[in-house]
Every structure is written in structure tokens, then in C-alpha cells.
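> need a 3D model of the following:
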Amino acid sequence: MDTSFSFQLVEGTYLPSEAKKILMTLLHDKINYHEREAFSTEERFGIKAQHSLQRIEALQKVVEEVLAQIELAQLNEMDLVINGTLSVELVKASQSKHAL
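Residues are numbered from 1 along each chain as shown. As a prediction, this is how the structure comes out:
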């Protein structure tokens, strides 16, 4: 059984405005996912979802960095090459870290 695979999510050269739409959509969707998880965990179990809260904070920093790089590209009349490959590995449930 093959326990890993990868796929190309994003690939190409983009104008700064296009790259901004693509990257911000991906990042904001991931932030929204963790916000929903944190809210759901707190509502159901009355505890903070520390993993989700930490990921939200980390992703917000990534958003700031991406926006800074896009601004730099705009100022210097540059395009952005995005190579977004996702790799996925299947692991036993006991080996993965499930966070509440």
C-alpha cells in the first residue's frame, strides 16, 4: 500500500495582484478553518484549542510576510513564481497528533 502522495496545488508565474489573490485565499481559508475549530472545541468542550490558536497566530504572521513580499514585487515591477506542492503521508492514528 502506498502511504504517501503529493500533488501540485499551485504552479505558475503570476502578477503581484494575481499572486496576492491566490495566496491570501489559501491563507485565509486555513485561518478560517482553525477559527472554526477553536470555536467548536470551546463550545463543545469548554476548553481552548491551543493548536488552532497557535496556528492562527503563525498564519497571521505568514500573511504579513507574504503581503510584504508582494509589495516588494510591485515596487520592483516583478512577478511571483509560485510552486505549491502538497505532500501527504498516511500514518497510524496513534502516531499523529490530534489536537482538541
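> what pairs with the one helix or strand Thr85 maps to, parallel or antiparallel?
Taking DSSP states H and E as the criterion, the element that holds Thr85 is strand 80-89. Strand 80-89 has the following strand partners under DSSP bridges: strand 4-14 (antiparallel).
> from the contact counts, what lies against the next helix or strand after the strand it pairs with?
Scanning forward in sequence from strand 4-14 by DSSP H and E, the next helix or strand is helix 16-45. Under the contact criterion of 3 or more C-beta pairs under 8 Å, 6 or more residues apart in numbering; DSSP states H and E, helix 16-45 touches strand 4-14, helix 50-75, strand 80-89. In this view, the C-beta of every residue, glycine as well, is placed from N, C-alpha and C.
> which among these is found nearest to Asn32?
Smallest distance to Asn32 across the helices and strands packed on helix 16-45 (C-beta to C-beta): 9.5 Å, for helix 50-75.
> just how off-centre is the closest one within its chain?
9 Å (C-alpha atoms, centre = their mean, to the nearest Å).
> could you check the angle strand 4-14 makes with it?
Angle between the axes of helix 50-75 and strand 4-14 is 30 degrees (criterion: axes from the mean of the first three to the mean of the last three C-alpha atoms, to 10 degrees).
> helices and strands around helix 50-75, which ones?
Counting contacts by 3+ C-beta pairs under 8 Å, 6+ apart, helix 50-75 is packed against helix 16-45, strand 80-89.
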